[in-house]
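Asks: What shape does this take:
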Amino acid sequence: MKTDRQLQREVEEELEWDPAVTATDIGVEVTNGVVTLSGHPPSFAEKLAAEKAAQRVAGVKAVAVDMQVRLPKPDQHSDEDVAGAVHAILYWSVAVPHDAIKIQVEKGWVTLTGMVDWAYQRHIVARALGQMRGIRGLTNAIEVRRKVASDEISKNIEEAMRRHVEREVRHIGVDVKDGTVTLTGKVGSYAERKVVRGVAWSAPGVCAVVDDLVVDASVPREPDGDAAER
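Replies: Numbering: from 1, shown residues only. Model (predicted):
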């Protein structure tokens with residue numbers, strides 16, 4: 001098991017390795033496996049990249065974000081201009097029903113509300129705006145319409161998890177109520193946690209995902225069938 005100091009060093013190295021991040025912009029502290037990122041990245045995209053870099057490091061249990069975007073002068077725009085740019089991005093995105101989404105911008109912080117049919121549409125919006133110049137942050141309050149029964153959602157998620165993380169699925173619990181999926185249990189790494197969360201979000205009818213999974217490197221992994229036979 002890695003010490004906090006080891007994790008801190010590896011997170012710092014991962015930040016330096018990632019070309020989307022200027023490591024000198026970001027401070028790293030680790031307490032009991034929980035990473036806290038601080039500092040003032042010059043863009044929302046770099047802030048997201050730093051978060052993802054920390055999450056990639058094996059042994060990290062969770063990432064707390066204490067960063068604030070500090071836009072350089074050329075990237076500072078009026079809220080009206082930012083709102084117009086956001087609308088243009090949504091309008092030209094094939095997968096997004098742009099007329100169903102409302103946009104609010106306050107001091108460079110974008111808030112989105114509205115209703116879509118699929119969770120992936122909500123995520124596409126977040127990914128697209130995550131690379132946008134001139135925004136300080138994003139609140140994605142877009143909701144997903146509930147069309148599928150809870151037991152069917154649960155069944156679909158469990159079947160999908162067997163396809164993606166078959167060896168870890170027996171350590172994971174799935175509970176669905178009114179379109180909200182709660183994930184419990186243990187996974188072996190933050191990467192596996194991300195896969196499980198992604199599987200849950202991909203199921204039809206999912207409106208929200210509550211991630212109560214615990215990262216535990218001691219979670220046993222069963223060899224796959226081919227390896228076992230050899």
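
Asks: CA atoms for contacts and neighbours, from now on please.
Replies: OK.

Asks: could you list every residue that touches S202?
Replies: Residues in contact with S202 (C-alpha atoms under 8 Å, 6 or more residues apart in numbering) are 119-120.

Asks: so how many other residues sit close to the nearest residue to V105 once chain neighbours are set aside?
Replies: Distances taken as C-alpha to C-alpha, 6 or more residues apart in numbering place D79 nearest to V105, at 5.5 Å, with adjacent residues excluded. For D79, the neighbour count with other C-alpha atoms under 10 Å is 18.

Asks: Is it correct that D79 is in contact with K107?
Replies: Yes: in this structure, D79 sits in contact with K107. The criterion is C-alpha atoms under 8 Å, and the distance is 6.3 Å.

Asks: what about A88, which helix or strand?
Replies: helix 79-91 (DSSP states H and E).

Asks: same deal with M115?
Replies: Short version: M115 belongs to strand 109-116, going by DSSP H and E.

Asks: now that strand against helix 79-91, angle please.
Replies: In terms of direction (axes from the mean of the first three to the mean of the last three C-alpha atoms, to 10 degrees), strand 109-116 departs from helix 79-91 by 30 degrees.

Asks: what's the offset of the helix or strand following strand 109-116 from the middle of its chain?
Replies: Later in the chain than strand 109-116, the nearest helix or strand by DSSP H and E is helix 119-130. Its chain's C-alpha centre and that of helix 119-130 lie 11 Å apart, by C-alpha atoms, centre = their mean, to the nearest Å.

Asks: cool, stretch 121-140 as well?
Replies: Computed by C-alpha atoms, centre = their mean, the separation of stretch 121-140 from the middle of its chain amounts to 12 Å.

Asks: buried sites along it?
Replies: 121-123, 125-126, 129-130, 132-138 (16 or more other C-alpha atoms under 10 Å).

Asks: That concludes my questions; thank you for your assistance.
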